[in-house]
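*Asks:* the following comprises the amino acid sequence and a computationally predicted model.
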Amino acid sequence: MARQEIVDTVTRLFVSTDNKDWGGVMDVFTEKVHFDMTSLAGGDPASLTSRQIVDAWDEGLKEVERVHHQTGNHLVTVSGAEAEVFCYGIATHYRSREEKKVTTFVGSYDLHLVREPVGWKIDAFRFNSKYAE
């Protein structure tokens, strides 16, 4: 039961992102998240609020008309009220007004979740880029 709830939380993150449902994205994150997109964007991992993440994604995806995430090969390890999730991920961004209409990002995710009274929440997020085209 816990495994499915955890995978459902991860799925809600990506479906909400695809729909630009920022309230839905905020619902799956804890207030503070250890956030690491350095394999794609450089910089350093940071402790961000869910609001900071949503604001950055909202801004970054404004010009992207359609976003599609597909995840799979979920490996879930549950230890009491904590869980680790590894999964593969592919994201496509579609912009009709650009010469190159589709950008594809391929990689994997390492996520950490904690069980809160309202359910499982993501408190650590790392994207491991393999390639983008």
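*Replies:* Alright, I've got the coordinates.

*Asks:* C-alpha only now, for contacts and for neighbours.
*Replies:* OK.

*Asks:* now do the lowest-mean-pLDDT helix or strand in the chain: which elements does it pack against?
*Replies:* Between all helices and strands in the chain, the lowest mean by mean pLDDT, DSSP states H and E belongs to helix 38-41, at a mean of 94. The contact analysis (3 or more CA pairs under 8 Å, 6 or more residues apart in numbering; DSSP states H and E) places helix 38-41 against strand 119-132.

*Asks:* elements contacting the strand it packs on?
*Replies:* With contacts taken as 3+ CA pairs under 8 Å, 6+ apart, strand 119-132 sits against helix 2-18, helix 22-28, strand 29-36, helix 38-41, strand 102-116.

*Asks:* surely residue 63 meets residue 95?
*Replies:* Yes. Judged on CA atoms under 8 Å, residue 63 makes contact with residue 95 at a distance of 7.1 Å.

*Asks:* show me what contacts the residue nearest to residue 13 when sequence neighbours are not counted?
*Replies:* In this structure, residue 13 finds its nearest non-sequential neighbour in residue 25, 5.4 Å apart by CA to CA, 6 or more residues apart in numbering. Residue 25 makes contact with 12, 13, 16, 17, 54 under the criterion CA atoms under 8 Å, 6 or more residues apart in numbering.
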